[in-house]
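In: any chance you could fold what I've pasted below:
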Amino acid sequence: MKPDRSSVRRQVRAALDEDIGGGDVSTELIDPELRASAGLISRETGVLAGRDWAESAFLLLDDQCSLIWSAEDGDELVAGQVVCHIKGRARALLSAERTALNFLQLLSGVATCTRRHLSAIAGTSAKLLDTRKTIPGLRHAQKYAVSCGGGHNHRLGLHDMVMLKENHIAAVGNIGEAVSKARQLHPGLLVEVEVESIEQMREAIDAGADRIMLDNFELEQMREAVALNAGRAILEASGGLTLNSLRQVAETGVDEISVGALTKTIQPLDLSLLFD
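Out: Numbers count the residues shown, from 1 in each chain. Coordinates of the predicted model:
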């Protein structure tokens, strides 16, 4: 689900405007015609994501800038690796540096976190999903980074899947009525119901939900839910999950595991730009 280039450029343009403001006063001491070359270096192991955002930052300030990458988005990086060689006007490289690194470090951090969580459930049939817990304005970018790490994207927003949570159900009346209304209003969309008990899960199955989210279920409850469901709906485990608990959850037989930490609790990947 890689965002298109126009979307990337808009995001980067806004970030550059925020950073540069009325002008980069620190680069004024540098000859505007001076050209330089630099290396983008990874200081730790991780997964690369966000090349398009980094490239846009440099190219928007110097359309003659050249970038030669040694890795693709989704590739594993090692400490000390020169990820990209960059040549261009020195002023442009310096003014774009922080914006480029902010995007690249953030998105690579998301991809790295995703890969780490995915490794925890390797060998099971469970899929790892992201959530809508993203940085405002960067949802497409972060969900793209999740895919670079090997994860899968849940719904993009409120528009592409009907998700009936506790408050929706309370406002409508009950699970059966809520699912029925959702089918009437949006027959082409999948309907997912969030449940907090086995009893509610039975209601969701009887109502014909396509997907059922098991919210904060204990492991034994998950096993019971899998047996009761018998493959009728896609079962998604969610809520209170940690890296250490993922494998046990996956081994219960649930189809999917959604983890908000992939895009919410981010440790940016340590990358730096050094002039040759």
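In: can you classify residue 189 as helix, strand or coil?
Out: Classification of residue 189 by DSSP: H, G, I helix; E, B strand; the rest coil places it in coil.
In: contacts only, for the residue nearest to it when sequence neighbours are not counted.
Out: Spatially, and ignoring its direct neighbours in sequence, residue 189 is nearest to residue 162 (5.3 Å; C-beta to C-beta, 6 or more residues apart in numbering). For every residue, glycine as well, the C-beta is placed using N, CA and C. Residues in contact with residue 162 (C-beta atoms under 8 Å, 6 or more residues apart in numbering) are 182, 186, 189-192.
In: now render those as a markdown table, adding distance to residue 255, neighbour count and pLDDT.
Out: Formatted as a markdown table, these follow (distance: C-beta to C-beta, whole Å; neighbours: other C-beta atoms under 10 Å; pLDDT from 0 to 100):
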| residue | distance to residue 255 | neighbour count | pLDDT |
| --- | --- | --- | --- |
| 182 | 20 | 24 | 97 |
| 186 | 22 | 14 | 97 |
| 189 | 19 | 16 | 98 |
| 190 | 13 | 15 | 98 |
| 191 | 16 | 24 | 98 |
| 192 | 12 | 23 | 98 |
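In: is it possible to export the residues you listed to CSV including distance to residue 215?
Out: Listed next are those as CSV, based on distance: C-beta to C-beta, whole Å:
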residue, distance to residue 215
182, 18
186, 22
189, 21
190, 18
191, 16
192, 11
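In: nearest to residue 79, of the residues you listed?
Out: Within the contacts of residue 162, proximity to residue 79 (C-beta to C-beta) peaks at residue 192, which comes in at 40.8 Å.
In: list the contacts for the closest one?
Out: When contacts are counted by C-beta under 8 Å, 6+ apart, residue 192 touches 161-164, 209-213, 236.
In: assumed it was part of a strand.
Out: Yes. Assessed with three-state DSSP, residue 192 lies in a strand.
In: returning to that earlier point: could you pull up phi and psi at the residue nearest to residue 189?
Out: Main-chain torsions, residue 162, degrees, to the nearest 10: phi -80, psi 120.
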